[in-house]
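Chemist: show me how the following folds:
(one chain, ligands or ions: 3)
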Amino acid sequence: MKVSILILVFFANYSFAYSIFSPLVNLLNEERLIVTSEDSSPIKVTETDKLKFRRNGVRFIDITNHQNWFWSTKEEKVKVPIYNYPTNISYSKQVEDLVEDINKDNLKSNLAEFSSFYSRYYKSDNGLKSSTWLFERLQSIIADNNNYGLNVTVEKFIHDWAQFSIIVKIEGHKTPEDIIVVGSHQDSANLLLPNILKAPGADDDGSGVVTNLEALRIILSQGIKFDNSLEFHFFSAEEGGLLGSLDIFRSYKSQNKKVVSMLQQDMTGFIQKTLDAGEEEHVGVISDNVSPELTEFVKLIIDSYLNIPWRETLCGYACSDHSSALQNSYPSSFIIESEFKYTNPFIHSTGDTLDRLSFDHIGEFVKLVLGFTYELGFHEFREIL
Ligand SMILES: *[C@@H]1O[C@H](CO)[C@@H](O)[C@H](O)[C@H]1NC(C)=O
Ligand SMILES: *[C@@H]1O[C@H](CO)[C@@H](O)[C@H](O)[C@H]1NC(C)=O
Ligand SMILES: [Zn+2]
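Modeler: Ligands and ions are numbered 1, 2, ... in the order given. Sure, this is the predicted structure:
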(Lines give C-alpha, C1' and ligand atoms only; values in the text may rest on other atoms or scores of the structure.)
(Ligands and ions follow the chains in the order given, each with its own letter.)
Protein backbone atom coordinates (compact mmCIF):
# COMPACT_ATOMS: atom_id res chain seq x y z
CA MET A 1 0.00 0.00 0.00
CA LYS A 2 2.62 2.47 1.11
CA VAL A 3 4.81 1.50 -1.81
CA SER A 4 2.07 2.06 -4.34
CA ILE A 5 1.38 5.52 -2.89
CA LEU A 6 5.06 6.31 -3.19
CA ILE A 7 5.03 5.16 -6.76
CA LEU A 8 1.95 7.23 -7.43
CA VAL A 9 3.57 10.32 -5.90
CA PHE A 10 6.70 9.71 -7.92
CA PHE A 11 4.77 9.47 -11.16
CA ALA A 12 2.59 12.44 -10.32
CA ASN A 13 5.69 14.56 -9.73
CA TYR A 14 7.41 13.18 -12.74
CA SER A 15 4.53 14.00 -15.02
CA PHE A 16 4.29 17.43 -13.42
CA ALA A 17 7.95 18.09 -14.11
CA TYR A 18 7.55 16.63 -17.57
CA SER A 19 4.61 18.91 -18.32
CA ILE A 20 6.81 21.90 -17.52
CA PHE A 21 10.05 20.88 -19.19
CA SER A 22 8.76 19.03 -22.21
CA PRO A 23 7.40 22.15 -23.98
CA LEU A 24 10.70 23.91 -23.22
CA VAL A 25 12.70 21.03 -24.66
CA ASN A 26 10.40 20.79 -27.68
CA LEU A 27 10.72 24.53 -28.18
CA LEU A 28 14.49 24.40 -28.16
CA ASN A 29 14.55 21.38 -30.46
CA GLU A 30 12.07 22.83 -32.93
CA GLU A 31 13.50 22.55 -36.40
CA ARG A 32 14.03 25.78 -38.36
CA LEU A 33 15.50 26.70 -41.74
CA ILE A 34 17.91 29.64 -41.87
CA VAL A 35 20.07 31.42 -44.45
CA THR A 36 23.39 32.89 -43.32
CA SER A 37 24.69 34.49 -46.53
CA GLU A 38 23.63 35.58 -49.99
CA ASP A 39 25.32 32.62 -51.70
CA SER A 40 24.92 29.73 -49.28
CA SER A 41 22.05 27.22 -49.20
CA PRO A 42 19.61 27.26 -46.31
CA ILE A 43 20.57 25.08 -43.36
CA LYS A 44 18.40 23.10 -40.94
CA VAL A 45 18.93 24.07 -37.32
CA THR A 46 17.19 23.95 -33.93
CA GLU A 47 16.23 26.96 -31.82
CA THR A 48 19.22 26.12 -29.63
CA ASP A 49 21.52 26.28 -32.65
CA LYS A 50 20.04 29.64 -33.60
CA LEU A 51 20.95 31.08 -30.20
CA LYS A 52 24.44 29.64 -30.52
CA PHE A 53 24.84 31.26 -33.96
CA ARG A 54 23.70 34.62 -32.62
CA ARG A 55 26.02 34.44 -29.61
CA ASN A 56 28.89 33.78 -32.03
CA GLY A 57 27.95 36.80 -34.09
CA VAL A 58 26.48 34.85 -37.04
CA ARG A 59 23.40 36.61 -38.41
CA PHE A 60 20.71 34.96 -40.52
CA ILE A 61 17.23 35.12 -41.94
CA ASP A 62 14.84 32.47 -40.66
CA ILE A 63 12.87 31.44 -43.76
CA THR A 64 10.98 28.52 -42.18
CA ASN A 65 7.59 30.12 -42.83
CA HIS A 66 8.46 31.38 -46.33
CA GLN A 67 10.25 28.52 -48.03
CA ASN A 68 8.21 28.55 -51.23
CA TRP A 69 8.99 32.20 -51.71
CA PHE A 70 12.65 31.67 -50.97
CA TRP A 71 13.05 28.93 -53.56
CA SER A 72 10.75 30.26 -56.24
CA THR A 73 11.85 33.85 -56.54
CA LYS A 74 15.60 33.86 -56.05
CA GLU A 75 16.19 35.83 -59.26
CA GLU A 76 13.24 38.14 -58.87
CA LYS A 77 14.19 39.06 -55.30
CA VAL A 78 17.51 40.66 -56.02
CA LYS A 79 16.20 43.12 -58.63
CA VAL A 80 15.80 46.19 -56.46
CA PRO A 81 14.58 49.21 -58.46
CA ILE A 82 16.59 52.41 -58.37
CA TYR A 83 14.66 55.64 -57.87
CA ASN A 84 15.60 59.27 -58.50
CA TYR A 85 16.44 60.09 -54.91
CA PRO A 86 16.96 63.82 -54.29
CA THR A 87 20.55 65.00 -54.65
CA ASN A 88 19.76 68.35 -52.99
CA ILE A 89 17.59 69.17 -50.04
CA SER A 90 14.47 71.29 -50.61
CA TYR A 91 12.85 71.81 -47.21
CA SER A 92 15.54 73.05 -44.85
CA LYS A 93 13.34 75.75 -43.31
CA GLN A 94 10.50 73.30 -42.64
CA VAL A 95 12.74 70.57 -41.26
CA GLU A 96 14.57 73.04 -38.99
CA ASP A 97 11.16 73.98 -37.57
CA LEU A 98 10.34 70.34 -36.83
CA VAL A 99 13.76 69.77 -35.27
CA GLU A 100 13.03 72.57 -32.77
CA ASP A 101 10.26 70.38 -31.39
CA ILE A 102 12.41 67.38 -30.42
CA ASN A 103 11.81 66.72 -26.75
CA LYS A 104 14.40 64.63 -24.93
CA ASP A 105 12.07 64.10 -21.95
CA ASN A 106 9.76 62.17 -24.29
CA LEU A 107 12.66 60.03 -25.47
CA LYS A 108 13.66 59.32 -21.87
CA SER A 109 10.23 58.55 -20.46
CA ASN A 110 9.27 56.35 -23.41
CA LEU A 111 12.52 54.43 -23.14
CA ALA A 112 12.29 54.13 -19.35
CA GLU A 113 8.89 52.45 -19.69
CA PHE A 114 9.75 50.34 -22.73
CA SER A 115 12.97 48.98 -21.19
CA SER A 116 11.28 48.23 -17.86
CA PHE A 117 9.66 45.06 -19.21
CA TYR A 118 11.53 42.03 -17.84
CA SER A 119 12.13 41.06 -21.45
CA ARG A 120 10.54 41.75 -24.83
CA TYR A 121 11.36 38.29 -26.14
CA TYR A 122 9.00 37.66 -29.03
CA LYS A 123 7.91 34.17 -27.95
CA SER A 124 7.06 35.17 -24.37
CA ASP A 125 4.17 36.59 -22.45
CA ASN A 126 6.41 39.57 -21.58
CA GLY A 127 6.95 40.14 -25.29
CA LEU A 128 3.20 40.26 -25.80
CA LYS A 129 2.84 42.67 -22.89
CA SER A 130 5.51 45.00 -24.28
CA SER A 131 3.90 45.04 -27.73
CA THR A 132 0.55 45.83 -26.11
CA TRP A 133 2.20 48.72 -24.24
CA LEU A 134 3.72 50.00 -27.49
CA PHE A 135 0.41 49.72 -29.33
CA GLU A 136 -1.39 51.71 -26.61
CA ARG A 137 1.38 54.32 -26.51
CA LEU A 138 1.03 54.76 -30.28
CA GLN A 139 -2.73 55.12 -29.93
CA SER A 140 -2.28 57.85 -27.34
CA ILE A 141 0.43 59.65 -29.35
CA ILE A 142 -2.01 59.74 -32.27
CA ALA A 143 -5.00 60.78 -30.14
CA ASP A 144 -3.03 63.57 -28.41
CA ASN A 145 -1.27 65.03 -31.46
CA ASN A 146 -3.37 64.59 -34.59
CA ASN A 147 -4.92 68.07 -34.35
CA TYR A 148 -4.85 68.64 -38.10
CA GLY A 149 -6.89 65.56 -38.97
CA LEU A 150 -4.26 63.58 -40.86
CA ASN A 151 -5.49 60.19 -42.06
CA VAL A 152 -3.49 58.06 -39.68
CA THR A 153 -4.11 54.47 -38.57
CA VAL A 154 -2.33 52.09 -36.21
CA GLU A 155 -2.67 48.35 -36.73
CA LYS A 156 -1.39 45.14 -35.23
CA PHE A 157 0.28 42.72 -37.60
CA ILE A 158 -0.28 39.27 -36.08
CA HIS A 159 2.32 36.50 -36.46
CA ASP A 160 2.31 32.87 -35.38
CA TRP A 161 4.13 33.71 -32.12
CA ALA A 162 3.02 35.75 -29.12
CA GLN A 163 4.31 39.25 -29.91
CA PHE A 164 2.73 41.19 -32.78
CA SER A 165 4.32 43.80 -35.03
CA ILE A 166 2.76 47.27 -35.32
CA ILE A 167 2.26 49.45 -38.41
CA VAL A 168 1.32 53.14 -38.31
CA LYS A 169 0.18 54.56 -41.64
CA ILE A 170 -0.17 58.20 -42.64
CA GLU A 171 -1.97 58.18 -45.97
CA GLY A 172 -0.34 60.34 -48.67
CA HIS A 173 -2.38 63.14 -50.28
CA LYS A 174 -1.17 62.95 -53.85
CA THR A 175 0.50 59.61 -54.51
CA PRO A 176 -0.55 57.37 -51.60
CA GLU A 177 0.65 54.27 -53.47
CA ASP A 178 4.26 55.41 -53.03
CA ILE A 179 5.19 54.32 -49.51
CA ILE A 180 8.09 55.45 -47.34
CA VAL A 181 8.83 53.14 -44.40
CA VAL A 182 10.85 53.93 -41.29
CA GLY A 183 11.46 50.91 -39.11
CA SER A 184 12.88 49.63 -35.85
CA HIS A 185 12.45 46.37 -33.96
CA GLN A 186 10.53 46.15 -30.73
CA ASP A 187 11.73 42.76 -29.43
CA SER A 188 14.70 42.23 -27.14
CA ALA A 189 16.47 39.00 -26.24
CA ASN A 190 18.95 37.74 -23.72
CA LEU A 191 20.83 35.36 -25.96
CA LEU A 192 21.95 33.15 -23.09
CA LEU A 193 18.45 31.92 -22.16
CA PRO A 194 15.86 34.19 -23.77
CA ASN A 195 12.88 32.55 -22.12
CA ILE A 196 14.30 32.93 -18.65
CA LEU A 197 16.77 35.80 -18.37
CA LYS A 198 16.15 39.54 -18.22
CA ALA A 199 16.61 41.60 -21.40
CA PRO A 200 15.92 45.33 -20.96
CA GLY A 201 17.00 46.04 -24.55
CA ALA A 202 17.29 49.78 -23.96
CA ASP A 203 19.68 50.34 -26.85
CA ASP A 204 18.76 47.23 -28.86
CA ASP A 205 16.39 48.39 -30.09
CA GLY A 206 14.44 50.43 -27.57
CA SER A 207 16.46 53.42 -28.75
CA GLY A 208 15.34 52.99 -32.37
CA VAL A 209 11.73 52.59 -31.26
CA VAL A 210 11.68 55.80 -29.19
CA THR A 211 13.52 57.66 -31.98
CA ASN A 212 10.63 56.84 -34.29
CA LEU A 213 7.95 57.54 -31.66
CA GLU A 214 9.26 61.07 -31.23
CA ALA A 215 9.53 61.70 -34.99
CA LEU A 216 5.96 60.46 -35.43
CA ARG A 217 4.70 62.72 -32.63
CA ILE A 218 6.30 65.78 -34.23
CA ILE A 219 5.01 65.03 -37.75
CA LEU A 220 1.47 64.58 -36.41
CA SER A 221 1.54 67.62 -34.14
CA GLN A 222 2.68 69.81 -37.03
CA GLY A 223 0.08 68.28 -39.34
CA ILE A 224 2.47 67.64 -42.24
CA LYS A 225 0.37 66.58 -45.24
CA PHE A 226 2.81 64.51 -47.25
CA ASP A 227 2.21 63.67 -50.91
CA ASN A 228 3.43 60.11 -50.40
CA SER A 229 2.35 57.66 -47.72
CA LEU A 230 4.51 57.37 -44.65
CA GLU A 231 4.58 54.25 -42.47
CA PHE A 232 6.25 53.53 -39.15
CA HIS A 233 6.95 49.81 -38.65
CA PHE A 234 7.72 48.32 -35.25
CA PHE A 235 8.90 44.81 -36.04
CA SER A 236 8.56 41.79 -33.82
CA ALA A 237 11.14 38.97 -33.72
CA GLU A 238 14.14 40.62 -35.35
CA GLU A 239 16.29 38.71 -32.87
CA GLY A 240 14.81 35.41 -34.08
CA GLY A 241 16.14 36.00 -37.62
CA LEU A 242 14.12 38.94 -39.04
CA LEU A 243 10.91 36.92 -38.68
CA GLY A 244 8.46 39.80 -38.20
CA SER A 245 9.80 42.02 -40.96
CA LEU A 246 9.94 39.07 -43.37
CA ASP A 247 6.26 38.31 -42.70
CA ILE A 248 5.41 41.96 -43.34
CA PHE A 249 7.43 42.55 -46.50
CA ARG A 250 6.31 39.19 -47.92
CA SER A 251 2.75 40.32 -47.35
CA TYR A 252 3.45 43.73 -48.93
CA LYS A 253 5.07 42.11 -51.94
CA SER A 254 2.20 39.70 -52.49
CA GLN A 255 -0.21 42.66 -52.37
CA ASN A 256 1.98 44.49 -54.91
CA LYS A 257 2.57 47.37 -52.54
CA LYS A 258 5.19 49.86 -53.66
CA VAL A 259 7.70 50.76 -50.97
CA VAL A 260 9.99 53.38 -52.54
CA SER A 261 12.33 53.82 -49.53
CA MET A 262 12.87 51.98 -46.27
CA LEU A 263 15.09 53.23 -43.44
CA GLN A 264 15.93 50.90 -40.56
CA GLN A 265 17.33 52.11 -37.24
CA ASP A 266 18.68 49.52 -34.87
CA MET A 267 20.57 51.01 -31.87
CA THR A 268 20.84 54.81 -31.79
CA GLY A 269 22.04 55.63 -28.27
CA PHE A 270 25.46 54.29 -27.27
CA ILE A 271 28.60 56.41 -27.79
CA GLN A 272 30.87 55.48 -24.87
CA LYS A 273 33.20 53.23 -26.89
CA THR A 274 33.57 55.94 -29.53
CA LEU A 275 34.50 58.51 -26.89
CA ASP A 276 36.82 56.08 -25.04
CA ALA A 277 38.70 55.55 -28.29
CA GLY A 278 39.22 59.31 -28.53
CA GLU A 279 37.03 59.49 -31.63
CA GLU A 280 34.36 62.06 -32.39
CA GLU A 281 30.67 61.23 -32.02
CA HIS A 282 29.19 60.18 -35.37
CA VAL A 283 26.44 58.19 -37.12
CA GLY A 284 27.24 54.79 -38.58
CA VAL A 285 25.95 54.42 -42.14
CA ILE A 286 25.92 50.79 -43.18
CA SER A 287 27.44 50.36 -46.63
CA ASP A 288 26.94 46.64 -47.30
CA ASN A 289 23.66 44.84 -48.03
CA VAL A 290 21.84 48.14 -48.55
CA SER A 291 20.70 50.22 -51.55
CA PRO A 292 23.69 52.42 -52.48
CA GLU A 293 21.57 55.19 -54.07
CA LEU A 294 19.24 55.53 -51.09
CA THR A 295 22.24 55.43 -48.77
CA GLU A 296 23.82 58.38 -50.64
CA PHE A 297 20.60 60.28 -49.93
CA VAL A 298 20.82 59.33 -46.23
CA LYS A 299 24.32 60.84 -46.12
CA LEU A 300 22.96 64.04 -47.68
CA ILE A 301 20.35 64.20 -44.90
CA ILE A 302 23.00 63.74 -42.21
CA ASP A 303 25.25 66.41 -43.77
CA SER A 304 22.29 68.80 -44.01
CA TYR A 305 20.45 68.36 -40.73
CA LEU A 306 22.63 66.73 -38.04
CA ASN A 307 25.30 68.19 -35.76
CA ILE A 308 27.52 65.14 -36.18
CA PRO A 309 29.08 63.54 -39.27
CA TRP A 310 28.60 60.05 -40.70
CA ARG A 311 31.07 57.26 -41.15
CA GLU A 312 30.61 54.24 -43.36
CA THR A 313 30.66 50.86 -41.68
CA LEU A 314 30.01 47.21 -42.58
CA CYS A 315 27.43 45.07 -40.83
CA GLY A 316 27.25 41.81 -42.82
CA TYR A 317 24.36 39.71 -44.08
CA ALA A 318 20.90 39.95 -42.49
CA CYS A 319 22.08 42.58 -40.05
CA SER A 320 18.64 44.00 -39.32
CA ASP A 321 15.10 44.27 -40.71
CA HIS A 322 16.06 46.35 -43.77
CA SER A 323 17.31 43.02 -45.19
CA SER A 324 13.75 41.68 -45.29
CA ALA A 325 12.70 44.73 -47.29
CA LEU A 326 15.66 44.38 -49.63
CA GLN A 327 15.00 40.66 -50.12
CA ASN A 328 11.57 41.67 -51.37
CA SER A 329 13.11 44.21 -53.76
CA TYR A 330 12.32 47.29 -51.70
CA PRO A 331 15.19 49.84 -51.59
CA SER A 332 16.53 50.03 -48.03
CA SER A 333 19.18 51.66 -45.86
CA PHE A 334 20.37 51.06 -42.34
CA ILE A 335 21.88 53.46 -39.83
CA ILE A 336 23.35 52.71 -36.41
CA GLU A 337 24.82 54.58 -33.43
CA SER A 338 28.45 54.49 -34.66
CA GLU A 339 30.95 52.51 -36.65
CA PHE A 340 30.22 48.88 -35.94
CA LYS A 341 33.37 48.35 -33.85
CA TYR A 342 32.27 51.05 -31.37
CA THR A 343 28.69 49.83 -30.94
CA ASN A 344 27.20 48.80 -27.60
CA PRO A 345 28.92 45.70 -26.15
CA PHE A 346 26.16 45.18 -23.55
CA ILE A 347 23.36 44.24 -25.96
CA HIS A 348 21.55 40.89 -25.64
CA SER A 349 22.30 40.86 -21.89
CA THR A 350 20.98 42.29 -18.62
CA GLY A 351 23.44 45.18 -19.11
CA ASP A 352 21.64 46.85 -22.04
CA THR A 353 20.24 49.62 -19.86
CA LEU A 354 19.15 53.20 -20.37
CA ASP A 355 21.78 54.79 -18.11
CA ARG A 356 24.47 53.82 -20.63
CA LEU A 357 22.88 55.84 -23.46
CA SER A 358 23.19 59.41 -24.72
CA PHE A 359 19.88 61.13 -25.35
CA ASP A 360 21.62 63.89 -27.29
CA HIS A 361 22.80 61.17 -29.65
CA ILE A 362 19.32 59.66 -29.95
CA GLY A 363 18.05 63.19 -30.67
CA GLU A 364 20.36 63.33 -33.70
CA PHE A 365 18.61 60.26 -35.10
CA VAL A 366 15.22 61.92 -34.62
CA LYS A 367 16.54 64.77 -36.81
CA LEU A 368 17.59 62.18 -39.36
CA VAL A 369 14.10 60.65 -39.46
CA LEU A 370 12.49 64.09 -39.76
CA GLY A 371 14.81 65.12 -42.62
CA PHE A 372 14.45 61.76 -44.36
CA THR A 373 10.66 61.69 -44.20
CA TYR A 374 10.18 65.36 -45.09
CA GLU A 375 12.46 65.37 -48.12
CA LEU A 376 11.01 62.07 -49.40
CA GLY A 377 7.43 62.69 -48.32
CA PHE A 378 7.05 65.40 -50.99
CA HIS A 379 9.35 63.82 -53.56
CA GLU A 380 8.05 62.66 -56.93
CA PHE A 381 9.46 59.17 -57.32
CA ARG A 382 10.56 57.96 -60.73
CA GLU A 383 12.38 54.75 -61.46
CA ILE A 384 15.69 55.29 -63.24
CA LEU A 385 17.78 52.75 -65.12
C1 LIG B 1 22.65 70.65 -55.87
O2 LIG B 1 23.68 71.14 -55.02
C3 LIG B 1 24.93 71.20 -55.64
C4 LIG B 1 25.96 71.56 -54.59
O5 LIG B 1 25.40 72.17 -53.48
C6 LIG B 1 24.86 72.20 -56.79
O7 LIG B 1 26.12 72.29 -57.43
C8 LIG B 1 23.80 71.77 -57.76
O9 LIG B 1 23.64 72.71 -58.78
C10 LIG B 1 22.46 71.52 -57.08
N11 LIG B 1 21.56 70.91 -58.01
C12 LIG B 1 20.31 71.31 -58.17
C13 LIG B 1 19.49 70.56 -59.15
O14 LIG B 1 19.82 72.22 -57.52
C1 LIG C 1 -7.29 56.67 -44.99
O2 LIG C 1 -6.19 55.85 -45.36
C3 LIG C 1 -6.53 54.52 -45.63
C4 LIG C 1 -5.26 53.77 -45.96
O5 LIG C 1 -4.24 54.05 -45.06
C6 LIG C 1 -7.53 54.46 -46.78
O7 LIG C 1 -7.90 53.13 -46.99
C8 LIG C 1 -8.74 55.30 -46.44
O9 LIG C 1 -9.59 55.33 -47.53
C10 LIG C 1 -8.34 56.71 -46.07
N11 LIG C 1 -9.49 57.48 -45.62
C12 LIG C 1 -9.75 58.71 -46.03
C13 LIG C 1 -10.93 59.35 -45.42
O14 LIG C 1 -9.07 59.28 -46.86
ZN1 LIG D 1 18.77 44.98 -32.81
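Chemist: element containing the residue of the stretch 201-350 of the chain found nearest ligand 2?
Modeler: At 6.9 Å from ligand 2, Ser229 is the closest residue in the stretch 201-350 of the chain, using Cβ to the nearest ligand atom. C-beta here means a position set from N, CA and C on the backbone, and glycine is covered the same way. Assessed by DSSP states H and E, Ser229 sits inside strand 228-235.
Chemist: parallel or antiparallel, list what pairs with that strand.
Modeler: Strand 228-235 has these partner strands in its sheet, going by DSSP bridges: strand 165-170 (antiparallel), strand 175-185 (parallel).
Chemist: would you turn these into TSV with mean neighbour count, distance to ligand 2 and mean pLDDT?
Modeler: As requested, the strands paired with strand 228-235 are exported to TSV (neighbours: other Cβ atoms under 10 Å; distance: least, Cβ to the nearest ligand atom, whole Å; pLDDT from 0 to 100):
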stretch	mean neighbour count	distance to ligand 2	mean pLDDT
strand 165-170	23	4	98
strand 175-185	23	7	98
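Chemist: quick one: which of those is nearest Met267?
Modeler: strand 175-185 (9.3 Å; Cβ to Cβ).
Chemist: still on that earlier bit, can you redo the strands paired with strand 228-235 as CSV with distance to ligand 3?
Modeler: As requested, these are exported to CSV (distance: least, Cβ to the ion, whole Å):
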stretch, distance to ligand 3
strand 165-170, 14
strand 175-185, 6
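Chemist: now Cys315: how far from Ile335?
Modeler: 10 Å (Cβ to Cβ, to the nearest Å).
Chemist: more neighbours: these two, which one.
Modeler: Neighbour totals were compared for Cys315 and Ile335, and Ile335 leads with 30 against 21 (other Cβ atoms under 10 Å).
Chemist: now the element after the helix or strand in which the more buried one is found, going C-ward?
Modeler: Using DSSP H and E, Ile335 falls within strand 332-336. Going down the chain from strand 332-336, the next helix or strand is helix 359-377, by DSSP H and E.
Chemist: helix or strand right after that next one?
Modeler: strand 383-384.
Chemist: strands paired with that next one, and their directions?
Modeler: Sheet pairing for strand 383-384, using DSSP bridges, gives strand 82-83 (antiparallel).
Chemist: avg pLDDT for the strand it pairs with?
Modeler: Model confidence over strand 82-83, given as mean pLDDT, is 96.
Chemist: what do Cys315 and Ile335 both touch?
Modeler: The overlap between the contact sets of Cys315 and Ile335 (Cβ atoms under 8 Å, 6 or more residues apart in numbering) consists of Ile286.
Chemist: now do the helices in the stretch 201-350 of the chain.
Modeler: 208-221, 243-254, 272-276, 292-305, 322-327 (DSSP state H, counting those that start in this stretch).
Chemist: and among the ones you listed, the most buried is which?
Modeler: Highest mean neighbour count among the helices of the stretch 201-350 of the chain (mean count of other Cβ atoms under 10 Å): helix 322-327, with a mean of 28.
Chemist: tell me the helices and strands packed up against that one.
Modeler: Applying 3 or more Cβ pairs under 8 Å, 6 or more residues apart in numbering; DSSP states H and E, we find helix 322-327 packed against strand 61-62, strand 175-185, helix 243-254, strand 258-265, strand 332-336.
Chemist: can you give the strand pairings for the strand holding Ile335, parallel or anti for each?
Modeler: strand 258-265 (parallel), strand 283-286 (antiparallel).
Chemist: ok, and does the longest one reach over to ligand 3?
Modeler: Spelled out, that is strand 258-265. No: with Cβ under 5 Å from the ion as the criterion, ligand 3 is not reached by strand 258-265; the gap is at least 9.4 Å.
Chemist: just the buried residues of that strand, please?
Modeler: 259-265 (16 or more other Cβ atoms under 10 Å).
Chemist: and those residues, which two are furthest apart?
Modeler: Among the buried residues of strand 258-265, Val260 and Gln265 lie farthest apart (Cβ to Cβ), at 18.1 Å.
Chemist: that older thread, the strands paired with strand 332-336: which one's closest to Val58?
Modeler: That would be, of those and by Cβ to Cβ, strand 283-286, which comes in at 17.4 Å.
Chemist: how much space between the residue in the stretch 1-150 of the chain that ligand 3 sits nearest to and Gly223?
Modeler: Distances between the stretch 1-150 of the chain and ligand 3 by Cβ to the ion are smallest at Arg59, namely 10.2 Å. From Arg59 across to Gly223, the span is 40 Å (Cβ to Cβ).
Chemist: near ligand 2, which residues of the stretch 151-300 of the chain?
Modeler: 151, 153, 169, 171 (Cβ under 6 Å from any ligand atom).
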